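Trainee: fold the following for me, if possible:
(2 chains, ligands or ions: 1)
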Amino acid sequence: MVGFFVFLCGISMTEKRFPTVSNIAGAGLGLRSSHYQHIFETKPDVPWFELLSDNYLGEGGLPIVRAEAIRDLYPITLHGVGMSLGSADALNTEYMARLKSLADRLEPAYISDHIAWVSIEGQYTHDLLPLPYTLEAQKNIIDKISKAQDILGRTLLVENPSSYLMFNCSEMSEEEFVNGVLEQTDCQLLLDVNNLYVSAQNHGFNAEKYLETLPKNRIKEIHLAGYEDKGKYLFDTHGYTVHDPVWKLYQKALSLFGSIPTLIEWDTDVPDFDVLLGESKKAQKILDEVT
Amino acid sequence: MSKGISLFELQQLFYKEVFDADSTENAEFYKCIKPAKNLSGEQSVNVYKDSILGGLTEALSSIYPVCVKLVGELFFNHMVADYLKRYPSGSPDIGDYGSEFSAYIINFEPVKELEYLADLVALEWSWHRAFNASDSPGVGVCSLDGLAGVAEVDQGGIQFVTTPSAVLVRSIFPIHQIWQVNQEDYVGDGIVNLDDGGVCLVVWRNAAFGMRIDVLSEHEFEFLQAVVDGKSFSEIATLACASDLSGILGRCMQTGLIAGFTLVN
Ligand SMILES: [Fe+2]
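Mentor: Numbers count the residues shown, from 1 in each chain, chains lettered A, B, ... in the order given. Presented below is the predicted three-dimensional model:
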C-alpha cells in the first residue's frame, strides 16, 4: 500500500475540562471554523461562544473534537435551524436524537432554534422560511416545541425570524404570535434584534412597539448581526458589522429587558477574528452601561 | 383562495414554487402572500428562492471543489440547477446532501466527454463522508488485541472490520492524480495522462484525523472489499488475495485501516 497523501490537521488540545456551565453572561461570539486555530492559539477574552449545532452532526471526526476543545475553554450555546419547528411535518426524531447526543457531549448552556420552518414532507430547504401567523400554525409550533423539549430534556430558546413576505391568511401580528408561543410553552425567547429591525423595515411595522409587548423575564439571549441594504429591502446576510439603527434598537431592548447575554453572528464573508471581537466589545460596552 | 388554506398546504405550495417553477399550482401560492412593502410578490418570493437554491449550490460546491475547478463555477452552477430540482434534500444535515451527484453526472449529457468526472465526483464524496465518519467501530466490535485469544478452531469465523471512515473507490482513470493536481497546495506541472490506466483507492481518516487517499494493489482492494462485504476469514482465504494475506493484513492493521473484528459461527 502506497501512502499517497497525508493531511495532518493536528490541534493542540487541552486536557482540562471545566464543569458544566449553566449560564452565560456578556457579549459572546458565533464560532466559525475559520477561527478555530486563532482561538486555540490566542485564547481570546470572549465570555462565551455559540456553535452552530448543524455543523457538528457528523458521527465523528475533527469538527466535534474541535467543538469539545472550545467547550473546554469557554461556556457555549448550541444554535441550529434543523428542528423545523414551524413545519406541518412531525418532529424528525432521528435529528432530535442526534442533537440530544451532541448536547449531552457538549453540555451547552442553551439550545436554540427558530420560529420558522425549513422542511415539508421530509424535504429540506436548509433555509428559514416564514410562517403564516394563524392559530393553527401557532398550535403546531407550540406542540413541536414541547415535544422537542421533552426529547432534549431541556428548555429551548426560540428565535424571532427575519422575513421578506407575509401571508394573507395570518390572523395575528408577529408579536402576538410570538407572545402566544411564550405564554403556552415554557420555552424562552432568543431575541434577534437585527431580524426584528429587518422585518420591521421590510413590512413597515414598529420594532420598538414590538419590543414593548415582549415578556421581560422570558428573554434569555439576544442576537446581533449586520444586514445588507438591497435598496428596496433589507437582507439578513449576517455579512457586515452591526448597523447603527440596530445598535439603537439593541439599546432600547436592554433598557426594557436588562443586561441580556448577547451574541454577534457573522455567516457570510467571515472576516478576521479581531473584527468580530471588536463587535462583541462594542456590545459589551453597551451591556456594561445597563444598570 | 388563501383564507382557509392549511399550514401543510401552504408549505407544500411554497416548496413547489421554489423547486418547480412550472407547477400550475404556483399561481395559487401567489394569492396567499403579502410581499414586503417595496417588493412585488415575485420579488419577495425570489429572495427566498435565491437564498435556498444558492445555499444548496454552495453546499455542493464545498463538497465538490475539484469538480468546480474542472468545469468552472458557472458551468457547475448550471449542472447543479437541475440536480437541486430532481434530488430533494431528505435530511436536516446539509452534509448528507449530494450523495447522488456522481450518478447524476453519468447521465448529464453536456459532460459526457469528461468520462472520468463521475468517478472523480465519487472520490470527492468519499472524502466528504470520511471526514465526518465515526471515530471508532460500533458496539460489539472487538479490538485487535483480542485476536490472540481466538481459538484456532474459531479463526475461520473472524470477520474483520474496517475503520468507519474507510471508503473504497476504483476507477478506470487515474482520478487520484486528477484530484491531486487540482488541490490548492499542489506544486508541479499538473499533467495527468488519462492513459495511465485505472486505480484502486481507499479514502479514509487515520487516528490523528489525517485525511488520506491511499493507492491499493488489486489484492489489497479485493481483501478490503471482502471485509466491507462482511466476508469471514475462511471465505477470504479462498480469494486471489490469499496469496499475500498475512502481508496485507499486517499492513492494514498497522495503519489502522482494519480497526477490529467480530466472530461468526
Ligand atoms: Fe439570529
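Trainee: distance of A:E50 from B:D195?
Mentor: 52 Å (CB to CB, to the nearest Å). C-beta coordinates here come from the backbone N, C-alpha and C atoms, glycine included.
Trainee: would you mind telling me which of the two has the busier surroundings?
Mentor: It is A:E50, of A:E50 and B:D195, that has more neighbours when counted by other CB atoms under 10 Å in any protein chain shown, with 25 against 7.
Trainee: now the helices: where do they sit in the chain?
Mentor: Answering for chain A, as no chain was given. A:36-42, A:62-73, A:93-106, A:135-152, A:174-184, A:193-203, A:207-213, A:244-257, A:273-289 (DSSP state H).
Trainee: my bad, chain B
Mentor: Assigned helices in chain B, in chain order: B:7-19, B:26-32, B:41-63, B:65-71, B:73-86, B:101-106, B:117-132, B:175-181, B:218-228, B:233-236, B:245-255 (criterion: DSSP H).
Trainee: may I see those arranged in CSV, with mean neighbour count as well?
Mentor: Listed next are the helices of chain B as CSV, based on neighbours: other CB atoms under 10 Å in any protein chain shown:
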stretch, mean neighbour count
helix B:7-19, 21
helix B:26-32, 16
helix B:41-63, 18
helix B:65-71, 19
helix B:73-86, 15
helix B:101-106, 18
helix B:117-132, 22
helix B:175-181, 20
helix B:218-228, 20
helix B:233-236, 18
helix B:245-255, 16
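Trainee: can I get those helices in a markdown table with mean pLDDT and distance to A:F177?
Mentor: Output for the helices of chain B, formatted as a markdown table (pLDDT from 0 to 100; distance: least, CB to CB, whole Å):
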| stretch | mean pLDDT | distance to A:F177 |
| --- | --- | --- |
| helix B:7-19 | 97 | 13 |
| helix B:26-32 | 93 | 17 |
| helix B:41-63 | 97 | 19 |
| helix B:65-71 | 96 | 41 |
| helix B:73-86 | 95 | 31 |
| helix B:101-106 | 95 | 39 |
| helix B:117-132 | 96 | 36 |
| helix B:175-181 | 95 | 50 |
| helix B:218-228 | 97 | 51 |
| helix B:233-236 | 96 | 62 |
| helix B:245-255 | 95 | 56 |
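Trainee: quick one, which of those helices is nearest to the ion?
Mentor: Proximity to the ion (CB to the ion) singles out helix B:41-63 among these, at 14.8 Å.
Trainee: show me what the most centrally placed residue in chain A bridges to in the sheet.
Mentor: Taking CA atoms, centre = their mean, the centroid of chain A lies closest to A:H79, which sits 4.5 Å from it. Listed by DSSP bridges, the beta-bridge partners for A:H79 are A:L52, A:S112.
Trainee: pLDDT score assigned to it?
Mentor: A:H79 carries a pLDDT value of 98.
Trainee: repeat for A:T291
Mentor: With respect to pLDDT, A:T291 scores 67.
Trainee: do the same with B:S143
Mentor: If you check B:S143, the pLDDT there is 92.
Trainee: swap in the one 5 residues further on?
Mentor: According to the predicted model, the pLDDT of B:A148 comes to 91.
Trainee: number of residues surrounding it?
Mentor: If you count neighbours by other CB under 10 Å, B:A148 ends up with 6.
Trainee: before we move on, what about A:E59?
Mentor: If you count neighbours by other CB under 10 Å, A:E59 ends up with 15.
Trainee: same deal with B:E152?
Mentor: Counted by other CB under 10 Å, the residues lying close to B:E152 total 6.
Trainee: with the one 3 residues further on instead?
Mentor: B:Q155 is surrounded by 14 other residues when neighbours are defined as other CB under 10 Å.
Trainee: look up the closest residue to it, ignoring the ones flanking it.
Mentor: Distance criterion CB to CB, 6 or more residues apart in numbering or on different chains; nearest residue to B:Q155, sequence neighbours excluded, is B:F233 at 6.1 Å.
Trainee: now whichever residue of chain B sits closest to chain A, nearest residue through space, not along the chain?
Mentor: Chain A sits closest to B:N132 of chain B, with a gap of 3.0 Å, by CB to the nearest CB. In this structure, B:N132 finds its nearest non-sequential neighbour in A:G58, 3.0 Å apart by CB to CB, 6+ apart.
Trainee: leaving out chain neighbours, which residue sits closest to residue 116?
Mentor: No chain in the question, so chain A it is. Nearest non-adjacent residue to A:A116, counting by CB to CB, 6+ apart: A:L128, 4.1 Å away.
Trainee: my bad, the chain I had in mind was chain B
Mentor: Closest to B:Y116 by CB to CB, 6+ apart is B:F173, at 3.8 Å.
Trainee: tell me which residues touch that neighbour, please.
Mentor: B:E115, B:Y116, B:D119, B:L120, B:L194, B:G198, B:V199 (CB atoms under 8 Å, 6 or more residues apart in numbering or on different chains).
Trainee: do the same with A:N55
Mentor: By CB under 8 Å, 6+ apart, A:N55 lies in contact with A:S33, A:P63.
Trainee: kindly report the same for the one 3 residues further on.
Mentor: Contact analysis of A:G58 by CB under 8 Å, 6+ apart lists A:I64, B:D93, B:G95, B:F131, B:N132, B:A133.
Trainee: for B:I63, see how far away it is.
Mentor: Distance of A:G58 to B:I63, given as CB to CB: 13 Å.
Trainee: also B:T162?
Mentor: Taking CB to CB, one finds B:T162 at 22 Å from B:I63.
Trainee: please apply the same query to B:K31.
Mentor: The spacing between B:K31 and B:I63, counted by CB to CB, is 38 Å.
Trainee: what residues does the stretch 51-200 of chain A put near the ion?
Mentor: Applying CB under 5 Å from the ion, we find that the stretch 51-200 of chain A lies next to the ion at A:D192.
Trainee: possible to save the helices of chain A as CSV with mean neighbour count and distance to B:K49?
Mentor: Output for those, formatted as CSV (neighbours: other CB atoms under 10 Å in any protein chain shown; distance: least, CB to CB, whole Å):
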stretch, mean neighbour count, distance to B:K49
helix A:36-42, 15, 33
helix A:62-73, 18, 30
helix A:93-106, 16, 24
helix A:135-152, 18, 21
helix A:174-184, 18, 22
helix A:193-203, 24, 16
helix A:207-213, 15, 26
helix A:244-257, 17, 26
helix A:273-289, 17, 30
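Trainee: and these as a markdown table, adding distance to A:D113?
Mentor: Below are those laid out as a markdown table (distance: least, CB to CB, whole Å):
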| stretch | distance to A:D113 |
| --- | --- |
| helix A:36-42 | 24 |
| helix A:62-73 | 18 |
| helix A:93-106 | 9 |
| helix A:135-152 | 8 |
| helix A:174-184 | 12 |
| helix A:193-203 | 14 |
| helix A:207-213 | 20 |
| helix A:244-257 | 21 |
| helix A:273-289 | 22 |
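Trainee: out of these, which gets nearest to A:H114?
Mentor: Closest of the helices of chain A to A:H114 is helix A:193-203, at 9.1 Å (criterion: CB to CB).
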